[in-house]
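Colleague: Need the 3D shape of this:
(chains A and B)
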Amino acid sequence: MKSTQGAPDATGIGLRLPHLAEVVATRPQTGFLEIHPENFLANPHAAELLVELSHHYSISVHTVGISVGSAWGIDRRHLERLRTLVDRINPIFVSGHLAWSTYGSDYLNDLLPLPFNEEALDVATRHVREVQDFLGRPYLIENPASYVGLRSSTMTETEFLCELVNRTQCMLLCDVSNVYVSAHNMGFDAREYLNSLPADAIAELHLGGYTPEEDPANPGGELLIDTHAAAIADPAWALFAYAIRHFGQKPTLIEWDNNIPAFAALVAEAASADDIVSIAMEAHCAAAG
Amino acid sequence: MLRLAEVQSLVRVGIITGEISRLAPLLLGGRYPERRFAIHERNYETSLVAALVTKFPATVWLTGSRFVTEAAHSFVREYPPQAPCIAEYGRTFPRFLSSCPGADRTPYLHDFAELEWHVGRVAIAVDEAAISLHELSSVSADALLDAGFTLQSGFCYVRTSWPVDELMKLYLKDSAPDHFSIDALDVWLELRGARGEFDINRLDAAQYAFRKSISDGRSLGAAAESALLVDAGFDPGQALAALVAAGLVTALQVRRNKS
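Modeller: Alright, predicted model coming up:
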C-alpha cells in the first residue's frame, strides 16, 4: 500500500449535509473536510457539490457501512459505489471502523462490537486487505466506542489493532474521544491504551462529544455514550493533548452528527484543537530532544 | 466457544427483536452487561425511525407524527435496511404505512406517501446534458421507431387513484384549509426534479402512457403503441419532439436493423 499523501496540519471538520450548501457558498477556512460517503452515494446533487468542494479542500472519506468485522463478508456493491466516489474526489484518507454492521443482507445501522480473538482477526484481516486492494489505497481503521465486550475475546483491543496493522499494513484512525469513552465504560486506562498503539501507523485523530447517562449495568454509575451530539468535554481535550505529546502532530478532525451546531461553532472547536496541538507539540519536541 | 457468525446472529436478533437470552451470557461490561446491550438496540431503532420520519414530512403533516412514528418503529423491526445508504431506506414504507391499523381512515395514504417518496428521490437528481432535435433528425424514421431513449434521472411517472398532487401542493404551500374534500380520481403525474427543486405536473392518459413507456426503456414504436391505445388521435412524433425540445432526453440508442 502506498502511504497517505498531503496530510493537512490544521484541524479539519466533519462535513454533514446540513452544512453543505453553506460551505459551498462561503468556503470557510479549515484544515480539511471529512464526509460519510453513505450520505453522498445516494444523493447525486450532494455528490456533485462535494466534487466541487474537492477542488478547494482536502477531503477525507470516513465510511460507516463497510463492516470489516462481519462474518458475512464485505458488501461488494457498496464497495464499488465507494470506489466510484473515491475516484471522483481523490481523498487524503479513506477510513472505517473496527466493528461490524451487516449480517447477511441486513444492515444494522450501528457499529457493533467484535470479539478480539483469532477468528475475528482473520475475518478483519481478510476484509481490510479486500478493501485496500479494491480501492488501491491504504484504509484507516478507527477504534470503536465500547459499551459491552464479548467474553470470547482472547486479546486486548490494542493487541488486536496492532496485529491487524502488522498483517494488512493498514493505518489507524485513533478516535481520542472513543478511547476516553471506552476506558470509562470498560474500565481500562486511557493513556495506557494510547501508549500501546503503534505511533507510526496512526494517520489521523478524531475528537467528538459524548453524552453521559445512568449506567444500566451499574446502578448509580455513569455510562458515556458516543453521541457526537455535544461539545468536546474537558477530559477528552486533556487526553487529546496527551495523544499529541505522545504521537506528535497528526491530522485531527472535529465531528458532530447530532444536534449539529452552526458551522462557525465547529470552526471554533477546530481552532481550540489547533491551540492544544501547538502547546502539546512544544512538549513533544522537547521530549524528543 | 461460538463461531463469529453465530455470535453475530445472536447480536442481530437482539438488535432487531430485543431477544437476548442466548446473547446475554456472552457479554462483558459492568454487573449487568446485557442491559448495556440495549444501547445498540436503541441506536438501531432511533436512527432508522428518525430517518423515516425525516423522509416523509408531508405524510407526517397529513396523518400526524404519532401515527407515522409508531408505524416506523414497527417497520424497522420487520424490514431492516438492506444497504448502508440510509437515504435509500423506506422504499416500501408507504405500502407498510397503508396497512397499519387506522390507515383505512385515509384511503389515499399509500398514494400520497408514495408520491412523497418519489418527490424526495427526483429532487436530489442532477441534470445531464440533453440531446438536441438536430441529433434526432439525423436518424431515419424506421430506425427511430426501434430506438430507445434515456431520460434525465430526475424523472418519475406516477399513476394514482386519488388527486394526491393537490394535497402535496397544499403541504408545500404550508396551508391547511378549514375543509378539504378529496374524491377518488385517476391522475397521471410526471415528477421532474434536480438539484433540490422539483415540479409535479399532470399529464393526460396518452401522454403518460407514452412518456412512462419511454422512461421504462421501451422503444419509440412501443411507446407510441401504448399511447395510441389510449387515444387514437395521439401524435407520437410531436410527443417525442416535445420531450427532446424540453431537454429531457439524455441519450438515444439506435438498435441495428434486423436483416
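Colleague: can you confirm residue B:156 is in a strand?
Modeller: Yes: counting by DSSP: H, G, I helix; E, B strand; the rest coil, residue B:156 is located in a strand.
Colleague: Pairing-wise in the sheet, spell out the partners of it.
Modeller: residue B:191 (DSSP bridges).
Colleague: what's the spacing between it and chain A?
Modeller: Counting by C-beta to the nearest C-beta, to the nearest Å, the gap from residue B:156 to chain A is 14 Å. C-beta here means a position set from N, CA and C on the backbone, and glycine is covered the same way.
Colleague: right, and that residue touches residue B:191 too?
Modeller: Yes: when contacts are counted by C-beta atoms under 8 Å, residue B:156 is listed as touching residue B:191 (4.3 Å).
Colleague: Overlap in contacts, those two.
Modeller: Counting by C-beta atoms under 8 Å, 6 or more residues apart in numbering or on different chains, the common neighbours of residue B:156 and residue B:191 are B:118, B:122.
Colleague: Tell me the confidence at residue A:161?
Modeller: Residue A:161 is assigned 98 on the pLDDT scale.
Colleague: meant to ask about residue A:9, not that
Modeller: Value listed for residue A:9 in the pLDDT field: 84.
Colleague: what sits against it?
Modeller: Applying C-beta under 8 Å, 6+ apart, we find residue A:9 in contact with A:31, A:249, A:251.
Colleague: Neighbours of the residue nearest to the first one when sequence neighbours are not counted, how many?
Modeller: The shortest distance from residue A:31 to any residue other than its chain neighbours is 3.2 Å, reached at residue A:10 (C-beta to C-beta, 6 or more residues apart in numbering or on different chains). Counted with other C-beta atoms under 10 Å in any protein chain shown, the burial measure for residue A:10 works out to 17 neighbours.
Colleague: Quick check, residue A:10 in contact with residue A:275.
Modeller: No: the criterion here is C-beta under 8 Å, and residue A:10 misses it with residue A:275 at 11.3 Å.
Colleague: Weed out the non-buried ones from the contacts of residue A:9.
Modeller: Buried subset of the contacts of residue A:9 (neighbour count, 16 or more other C-beta atoms under 10 Å in any protein chain shown): A:31, A:251.
Colleague: Let's have the contacts of residue A:9 in TSV, adding secondary structure and distance to residue B:171.
Modeller: Shown next, in TSV, are the contacts of residue A:9 (DSSP: H, G, I helix; E, B strand; the rest coil; distance: C-beta to C-beta, whole Å):
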residue	secondary structure	distance to residue B:171
A:31	coil	41
A:249	coil	51
A:251	coil	44
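Colleague: residues near residue A:79, how many?
Modeller: The burial count for residue A:79: 18, using other C-beta under 10 Å.
Colleague: The residue nearest to residue A:31 falls within a strand, correct?
Modeller: No: counting by three-state DSSP, residue A:10 is not found in a strand; it is coil.
Colleague: Tell me where chain B has helices.
Modeller: Applying DSSP state H to chain B gives helices spanning B:4-17, B:33-55, B:57-63, B:65-78, B:93-98, B:109-123, B:133-137, B:141-146, B:164-172, B:205-215, B:220-230, B:236-245.
Colleague: With residue A:285 as the reference, name the closest of these.
Modeller: helix B:33-55 (40.5 Å; C-beta to C-beta).
Colleague: Just to be sure, residue A:34 is in a strand?
Modeller: Yes: the assignment for residue A:34 is a strand, going by three-state DSSP.
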